[in-house]
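Enquirer: Kindly generate the corresponding structure for this input.
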Amino acid sequence: MIKIIYYLEHNDNYYIYTENDFYSCRIIKWFIPKKIHNNEIVKSQMSMKLFDDLFMHINSIKSYNVQLANLYLDIEKQSIEKRKQVYKEKCYKIIDSINRGLSPYHWEVEETYEDINGRKTPCYLIGLFTGENKMIDKIEKM
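Expert: Just a heads-up that it's a prediction; the model follows:
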């Protein structure tokens with residue numbers, strides 16, 4: 001896989017590393033707090049592998065939600081709810097793995113799209129934050 005960091009910018013609080021992943025035709029923007037942007041541990045964990053796995057499991061949960069919306073009997077819903085819970089647990093394990101050793105910080109990711117040359121290109125906004133982990137809350141509510 002060819003990844004090229006082609007743009008580095010910063011604002012008052014963050015350095016923003018923008019990668020263009022030509023292999024997967026996507027853009028990845030890493031938001032790293034200014035005070036730790038040169039930290040080698042942080043840089044070593046700027047990898048999409050586990051985030052890709054996380055999105056795969058999140059998409060499975062979304063698929064189960066679609067199935068559940070079309071079922072009416074509790075007996076039908078039970079097995080799907082159990083399978084959905086298995087994928088939530090996988091998401092929690094990935095989130096724990098992604099954030100291992102980064103306390104008090106944690107990664108959060110949001111998937112969006114950017115218009116590039118008239119084409120919507122997937123864009124992942126990945127930030128290192130302190131405080132409550134909104135990714136966990138998002139998965140719990142799914």
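Enquirer: Dig out what the most centrally placed residue in the chain forms beta bridges with.
Expert: A centroid search over the chain (CA atoms, centre = their mean) returns Val109, at 3.6 Å, as the residue closest to the centre. Note on Val109: beta-bridge partners by DSSP bridges are Ile126.
Enquirer: my guess is it meets Leu50, correct?
Expert: No - taking contacts as CB atoms under 8 Å, Val109 lies outside contact range of Leu50: 10.1 Å. No exception for glycine: its C-beta is placed from N, CA and C like everyone else's.
Enquirer: residues shared between the contacts of these two?
Expert: Common neighbours of Val109 and Leu50 are not found (criterion: CB atoms under 8 Å, 6 or more residues apart in numbering).
Enquirer: which one is Asp12 nearest to, not counting chain neighbours?
Expert: Take Asp12 and drop its neighbours on the chain: the residue closest to it by CB to CB, 6 or more residues apart in numbering is Lys34, 7.9 Å away.
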